[in-house]
Each structure stands twice: as structure tokens, then as C-alpha cells.
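Colleague: got a predicted structure plus its sequence, pasted below:
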Amino acid sequence: MRRRTLLTVCLATGVALFLIADASGAVVGFATGNNWLKLPKAERVGYVAGVMDSLLLVASLDTSQAQQFRANSLRLIECLKTRPEVTMGQLEAVVLRFRSLHPEAWDSSMAVLVVGSLRDFCPSRR
């Protein structure tokens, strides 16, 4: 169960990184320091791990890859905004399904797996 909780937190982190700030830097997502502090310790650790995983992925991109990643992320955010009824538990299920269907990606960064999962979840946003 702890592994599943950690996956949910990492997924939430990835989504939160996409939703956390608008162009002005104002927080538009749920990820604030106060909300994070209310999480159980294991979830706080998982959240930090998810942020680090995402930062490492973004830092590894060159300029054109980063621009493409941003464009893809914005399309995925628009898709998720049109589906506010989708829960983190459902998104976790999407990631688990994607991972089971793509054994070649099992050793990939979770950030890559989550984005790939969301692309499948929002096929019109590829």
C-alpha cells in the first residue's frame, strides 16, 4: 500500500508542477507549502521525490526539447481542465495501466511515464 501511496504522491507532484503557477508566478494549483506540510511524512517525502524527478528531467532537456515539453504540457493541462471530475486516484490508475502496457519504459523517469500516460489519457492533445 505504501508503494501505491508514493506513486499517487509522485503523480500528484507531476500534475502540480504543471498547474502550480501561471505566467505571473501566481499559484493556480493546490501545491502550497501549507498543504504539503499537512501531508503525512511518507507523502511529503514522495512529493519532494516527484519534484526532484521532474526537475532532473527538465534540466536534461535542450532548448528545443524544453519548448516542446512546455507546449505538450500546456495541451495536457487544457485537457485536464476540461475533466475536473478526474481524481488523483483515477490518474494513478492511468499511470499504472500505461506502465503495464509499456514494459520497455519501466526504467524511465516517472516524469516521462506520467507525461506518456497523460498523452494516452488525452489523445487529442498529442
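Modeller: The structure has been received and is ready for your questions. Residues are numbered from 1 along each chain as shown.

Colleague: for this protein, give me the ranges with low pLDDT.
Modeller: Where the chain drops to pLDDT under 70, the residues are 1-31, 124-126.

Colleague: do a quick rundown of the helices in it.
Modeller: 2-19, 33-37, 41-59, 63-81, 88-101, 110-121 (DSSP state H).

Colleague: buried set for stretch 55-67?
Modeller: Within stretch 55-67, the residues that qualify as buried are Leu57, counting by 16 or more other C-beta atoms under 10 Å. Placement of C-beta: from N, CA and C, glycine included.

Colleague: still on that earlier bit, highest average neighbour count across the helices of the chain?
Modeller: Neighbour counts (mean count of other C-beta atoms under 10 Å) averaged over each of the helices of the chain peak at helix 110-121, with a mean of 21.

Colleague: got the angle for that one vs helix 41-59?
Modeller: 80 degrees (axes from the mean of the first three to the mean of the last three C-alpha atoms, to 10 degrees).

Colleague: could you dump helix 110-121 to CSV, C-alpha only?
Modeller: Extracted C-alpha coordinates of helix 110-121, given in CSV (Å, rounded to 0.1, in the frame of the first residue of the first chain):
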residue,chain,number,x,y,z
MET,A,110,8.5,8.7,-13.6
ALA,A,111,8.1,12.2,-15.1
VAL,A,112,8.3,10.6,-18.5
LEU,A,113,5.9,7.8,-17.6
VAL,A,114,3.3,10.3,-16.2
VAL,A,115,3.5,12.5,-19.2
GLY,A,116,3.2,9.5,-21.5
SER,A,117,0.2,8.3,-19.5
LEU,A,118,-1.5,11.7,-19.8
ARG,A,119,-0.9,11.8,-23.5
ASP,A,120,-2.7,8.5,-23.8
PHE,A,121,-5.4,9.8,-21.5
